[in-house]
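**Student:** Need a 3D model of the following:
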Amino acid sequence: MSSATATMKRGEVLAQGVEQSAFLLGRYLQGFDDENRIAQAPGMPNHAAWALGHLAYVTNRAADRVDGKPLPEADFIDGAKDGDADHFGQESVALGSVVTADPARYPSWERCNAIFEASVARLCHVLRNASDEQLDAPRAWGSTKTTAHDLASRMVFHIGTHTGQIIDLRRALNMPKVVG
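**Tutor:** Model (predicted):
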């Protein structure tokens, strides 16, 4: 650990991890647009629009465990199975949702990115402003309990998992390499 990292507040270190994972995901979003945001390939579970909506949904839920604020109404339609050009339907990107190639069910590519970026900014703001006590307090997560500290680490891994899916999707769609 560098001396700069050693003097940083825990929430700052966690926020930087989340930001870095989102930045790395962004490298693999190059080449997606409104035309191919819902492109699926055989054997691939998700498309790019769903991945960003799902990540935004889960990242907002992680922030909610600390700040107590619901999903942003500007970005999600509460309980909806379908979204529109400006919103994700909450149930269309939740765990267990059915991914479809219907572009009307998902926001435009620009909005997909903006919604994801806003979710990352929200979680990072929450982490940076949380006390050590808030980072360590038990919080409900599904059928278990966790802490905000552990949720931040989980979000880094979660974003990484879906980055891997996007990389596989790029290959299946014969998109140009991003690295190498």
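
**Student:** Could you report the neighbour count for Phe63?
**Tutor:** You called it Phe, but residue 63 is Ala. Using other CB atoms under 10 Å, Ala63 is surrounded by 26 other residues. C-beta coordinates here come from the backbone N, C-alpha and C atoms, glycine included.

**Student:** can you pull the contacts of it?
**Tutor:** If you count contacts by CB atoms under 8 Å, 6 or more residues apart in numbering, Ala63 has them with 69, 119, 122-123, 125-126.

**Student:** how about 6 Å then?
**Tutor:** Ala63 sits next to 122-123, 126 when contact means CB atoms under 6 Å, 6 or more residues apart in numbering.

**Student:** if I look at it, how far off is His125?
**Tutor:** Distance of Ala63 to His125, computed by CB to CB, to the nearest Å: 8 Å.

**Student:** what do you get for Pro107?
**Tutor:** Taking CB to CB as the measure, Pro107 falls 22 Å from His125.

**Student:** Looking at these two now, which is surrounded by more residues?
**Tutor:** Taking neighbours as other CB under 10 Å, Pro107 and His125 compare with Pro107 leading, 25 against 14.

**Student:** Excluding sequence neighbours, find me the nearest residue to Asp78.
**Tutor:** Spatial nearest neighbour of Asp78, excluding adjacent residues (CB to CB, 6 or more residues apart in numbering): Gln90 at 5.6 Å.

**Student:** If anything else comes up later, I'll come back, but that's it for now.
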